[in-house]
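> fold the following and give me the result.
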Amino acid sequence: MARYSINNRMAGSQQALAATLKSQVSLTAVTATLCRGQIVELAYGADGAPNATDCQIVYDAARQTTVGTGTSATPNLENPADVASRSLGTVNYTVEPTVTGGTAFVGSIWSRTLNQRAAQQWFANPGSELVWPATNVNGIVIRALSPTYTSNVLVDVKYDDF
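Down below sits the predicted model:
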């Protein structure tokens, strides 16, 4: 199984956070190369000047059913001997995708909150990967929000196609 990485500094302009969820990185299946995929690792944290007072940033992963408008980003191969990813990577959304359960945390399949001065890595235990189906434009989107931190965050995703 090939392993890939993608982050929201790879293409387009990072989008500043607001009090509503802002999509940072998504991975979706595409008709021409339908395959399932799974997120196995996430690294995330603030990527701008800190707010004058400490505040939280909430990160979320949700099931996505439309792509929305973002910048296409070509995922990097972890092993150069593998083939290019068959999943579509989209970063830095300007129009939010449609997610299961709506725009709030109703459809969240993973969430974490951090202080703006912290960064964290998450590794999936075997069997706990965040999996998306081999259905066109279905996938997983990583989003973030903060009621007071209004700069950028960096989200790095490692995943497998299968």
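> apart from its neighbours in sequence, what residue is nearest Val141?
Sequence neighbours aside, Ser26 is the residue nearest to Val141 in space, at 3.9 Å (criterion: CB to CB, 6 or more residues apart in numbering). In this view, the C-beta of every residue, glycine as well, is placed from N, C-alpha and C.
> that neighbour - that's part of a strand, no?
Yes - under DSSP: H, G, I helix; E, B strand; the rest coil, Ser26 sits within a strand.
> pretty sure it contacts Ile140?
Yes - counting by CB atoms under 8 Å, Ser26 does reach Ile140; the two are 6.7 Å apart.
> coming back round to it: the residue nearest to Val141 pairs with what?
Beta-bridge pairing of Ser26 under DSSP bridges involves Thr90, Val141.
> what do you get for Asp156?
Counting by DSSP bridges, Asp156 forms beta bridges with Asn7, Ala43.
> confidence score at it?
Asp156 is assigned a pLDDT of 98 by the prediction.
> how many residues are close by it?
19 (other CB atoms under 10 Å).
> OK, contacts around it?
Asp156 is in contact with Ser5, Ile6, Asn7, Leu42, Ala43, Tyr44, counting by CB atoms under 8 Å, 6 or more residues apart in numbering.
> can you lay out those as TSV showing pLDDT and neighbour count?
Formatted as TSV, the contacts of Asp156 follow (pLDDT from 0 to 100; neighbours: other CB atoms under 10 Å):
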residue	pLDDT	neighbour count
Ser5	98	17
Ile6	98	25
Asn7	98	22
Leu42	98	22
Ala43	98	16
Tyr44	98	25
